[in-house]
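1. Quick one, what's the 3D model for this:
(2 chains)
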Amino acid sequence: MDCDNYKILVHAYIDGELSSADEMDLNGHLTRCAACRMYLARMTEARDMVRSLPAVSAPAGLTYTLNSRLNFAPHPLQSDWFATLQFRLLEFSMAEHLRTVFLAVPITVLFFLAISLLVYSPVGLENLQTFLDDSNGNGMAENLVERQYLENLYDFSPERISSDQVYQPRISTVSVKMFAANDFQKLKGNRLGVLTHVRSDGSAEILSISGGDQGTAVKVRNMIDSSIVFPAITKGKLVDSRVLLTFEKIEVKG
Amino acid sequence: MATQDLTLKDIPEAKLVLPYSDSELTAGDAAHASCCFEDVYTEYRDMIFHLAYRLLGHFDDALDLTQDVFMTVYRKLDTFRGESSLKTWLYRIVANKAANRQRWWRVRRRGHTVSLHELNHAAMIRLNLSLSGGAPSPEQACAAREARKNLQRCLDRLPFKYRMVLLLRDIEAMSYEEIGNCLGLSLGTVKSRIARAREQLRGLMDSYL
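-> Here you go, the predicted model:
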């Protein structure tokens, strides 16, 4: 054994916890090693100083305060969970649990921040709207499939309308929004809302038109009825296969 | 003069008033009848307070901790099955509660504040010593007090796990095995922690004294 091992034995020796064999071994080493003898003296001194600390009696105030706390304590053997909870809340020592509280507060704040970011970000709002709209029973996935199908079928955009067509109306601003049928009644201003029913072959049947002046409404109805133009579905969702198209600005040529 | 007889013990000692009597608590349960709360409190309050005071190095904290320990004992005494000794069980509660307290930074910054209670307590001890006649000279008393204060400071600067084992060994005179049972440590860990604790304490004392 080297000196480091003997140093552990020194403490057990000071504390009277050494077996007789180890003690003999240590004694033999101590007679040879001056450094370990010095170590033993220093450690014994340290022990003696700690032992010399005077005993401190509990102050009389302890019993007074303990009495008042015990008065609130529920019966240790018969208390129900509510009484125990009540007592624990009463006894909750902020100082003792402050670390827990200080950890819990930022975690809670971060959690709510994450939730609000999810909900109130542009994507989150859209998801929320979709979720709310879908809450009447329509599966979102089903609508997306249907929408994709329509997009593929009617890939209309002003640029794609062939120039050799006889009648060539053009919708200069394709701003297509689709709403739930309820929102249809709320359209105001110059916007034109066209509520259509999309047939299985992809053609659209106009259910109603609102907003805009009468002349424009008639023109748009004619356009859609004649299946000459069906605006590209760029954004939005289908509700019960009814599509509400809103045209921000309509310019019909031809 | 009447004031010359004043000692700390003259402060009227309150009697522990339990909302439920011990006989009521242990009624019909012979296993628990052997340890009633009042006896535990009377026998161990000074030991626990002393340990708490040396562990935390602060009078008010030690008072709080001792109260907390006895509140826990009051609630949990029925769960004490006698597998370990009562002393070991009590000191385990002290160790857990002190560790909870110790983790909070407030304790580390305590050096900036001095409790009024502590001042009064120190003043009472000084008064007591000077009145008791056989006291050392004021210079000697002052030096001894300063040395004790420095030693407590050194203890406060020890890591909590080392302070705990050292105090259980040197103040409470517990055996290595009892310390191991109390703190849930192996015998080897207890040995090495005591060795490290004494070495560190000795180093700190060299720098202070």
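
2. what's in contact with stretch B:144-157?
-> Residues outside stretch B:144-157 that contact it (CB atoms under 8 Å, 6 or more residues apart in numbering or on different chains): A:49-50, A:53-54, B:54, B:57, B:136, B:163, B:166-167, B:201, B:204-205, B:208-209. (C-beta placed from N, C-alpha, C; glycine too.)

3. ugh, wrong one, stretch B:193-209
-> A:7-8, A:10-11, A:15, A:42-43, A:45-47, A:49-50, B:147, B:150-151, B:153-155, B:157-159, B:161-163, B:165-166, B:169, B:176, B:185.

4. Could you list the low-pLDDT ranges of chain B?
-> For chain B, the stretches flagged by pLDDT under 70 are B:1-14, B:16-35, B:81-82, B:103-136, B:209.

5. quick one: buried residues of the longest helix that it contains?
-> Looking across chain B with DSSP state H, the single longest helix is helix B:187-208. Neighbour counts over helix B:187-208 (16 or more other CB atoms under 10 Å in any protein chain shown) mark B:189-191, B:193-202, B:204-205 as buried.

6. cool, stretch B:171-181 as well?
-> Using 16+ other CB under 10 Å as the test for burial, stretch B:171-181 gives B:171, B:172, B:174, B:176, B:178, B:179, B:180, B:181.

7. Endpoints of it, how far apart?
-> Taking CA to CA, to the nearest Å, the first and last residues of stretch B:171-181 lie 17 Å apart.

8. Not counting its neighbours along the chain, what's nearest residue B:97?
-> Closest residue to residue B:97 apart from its sequence neighbours, by CB to CB, 6 or more residues apart in numbering or on different chains: residue B:68 at 5.3 Å.

9. Dump the helix or strand harbouring the one you found to PDB, keeping only the CA atoms.
-> Using DSSP states H and E, residue B:68 sits within helix B:59-76. The C-alpha trace of helix B:59-76 is given here as PDB (Å, rounded to 0.1, in the frame of the first residue of the first chain):
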ATOM      1  CA  PHE B  59     -29.700  30.300  13.800                       C
ATOM      2  CA  ASP B  60     -33.000  31.100  12.100                       C
ATOM      3  CA  ASP B  61     -32.500  28.500   9.400                       C
ATOM      4  CA  ALA B  62     -31.700  25.900  12.000                       C
ATOM      5  CA  LEU B  63     -34.800  26.800  13.900                       C
ATOM      6  CA  ASP B  64     -37.000  26.500  10.800                       C
ATOM      7  CA  LEU B  65     -35.300  23.300   9.900                       C
ATOM      8  CA  THR B  66     -35.900  21.800  13.300                       C
ATOM      9  CA  GLN B  67     -39.500  22.700  13.200                       C
ATOM     10  CA  ASP B  68     -39.900  21.200   9.700                       C
ATOM     11  CA  VAL B  69     -38.200  18.000  10.900                       C
ATOM     12  CA  PHE B  70     -40.600  17.700  13.900                       C
ATOM     13  CA  MET B  71     -43.600  18.400  11.700                       C
ATOM     14  CA  THR B  72     -42.500  15.600   9.500                       C
ATOM     15  CA  VAL B  73     -41.900  13.400  12.500                       C
ATOM     16  CA  TYR B  74     -45.400  14.200  13.800                       C
ATOM     17  CA  ARG B  75     -47.000  13.200  10.500                       C
ATOM     18  CA  LYS B  76     -44.800  10.200   9.700                       C
END
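
10. What residues of it count as buried?
-> Buried, per 16+ other CB under 10 Å, within helix B:59-76: B:59, B:61-71, B:73-75.

11. report the angle between the axes of the helix or strand that comes right after it and helix B:59-76?
-> Downstream of helix B:59-76, the first helix or strand assigned by DSSP H and E is helix B:86-102. Going by axes from the mean of the first three to the mean of the last three CA atoms, to 10 degrees, helix B:86-102 is angled at 130 degrees with respect to helix B:59-76.

12. CA-only coordinates of helix B:86-102 in PDB, if you can.
-> What follows is helix B:86-102, C-alpha atoms only, in PDB (Å, rounded to 0.1, in the frame of the first residue of the first chain):
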ATOM      1  CA  LEU B  86     -35.000   6.100  15.700                       C
ATOM      2  CA  LYS B  87     -31.900   8.300  15.700                       C
ATOM      3  CA  THR B  88     -30.900   7.200  12.300                       C
ATOM      4  CA  TRP B  89     -34.400   7.800  11.000                       C
ATOM      5  CA  LEU B  90     -34.500  11.300  12.500                       C
ATOM      6  CA  TYR B  91     -31.100  12.200  11.100                       C
ATOM      7  CA  ARG B  92     -32.200  11.000   7.700                       C
ATOM      8  CA  ILE B  93     -35.000  13.400   7.800                       C
ATOM      9  CA  VAL B  94     -32.700  16.200   8.900                       C
ATOM     10  CA  ALA B  95     -30.300  15.300   6.100                       C
ATOM     11  CA  ASN B  96     -33.000  15.400   3.400                       C
ATOM     12  CA  LYS B  97     -34.600  18.600   4.600                       C
ATOM     13  CA  ALA B  98     -31.200  20.300   5.100                       C
ATOM     14  CA  ALA B  99     -30.200  19.200   1.600                       C
ATOM     15  CA  ASN B 100     -33.300  20.800   0.200                       C
ATOM     16  CA  ARG B 101     -32.600  24.000   2.000                       C
ATOM     17  CA  GLN B 102     -28.900  24.000   1.100                       C
END
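
13. Now residue B:183. Nearest residue, chain neighbours left out?
-> residue B:95 (5.8 Å).

14. Can you sort out which of the buried residues of stretch B:171-181 also neighbour chain A?
-> Restricting these to those touching chain A (CB under 8 Å from any CB of the partner chain) yields B:171, B:176.

15. which among the buried residues of stretch B:171-181 gets closest to chain A?
-> residue B:176 (5.2 Å; CB to the nearest CB).

16. looking at it, that closest one is touching residue A:15, isn't it?
-> Yes: the criterion here is CB atoms under 8 Å, and residue B:176 meets it with residue A:15 at 7.2 Å.

17. Mutual contacts of the two, please.
-> By CB under 8 Å, 6+ apart, residue B:176 and residue A:15 have these common neighbours: B:169, B:194.

18. Tell me the spacing between residue A:87 and chain B.
-> Distance of residue A:87 to chain B, computed by CB to the nearest CB, to the nearest Å: 9 Å.

19. Neighbours of residue B:52, how many?
-> 28 (other CB atoms under 10 Å in any protein chain shown).
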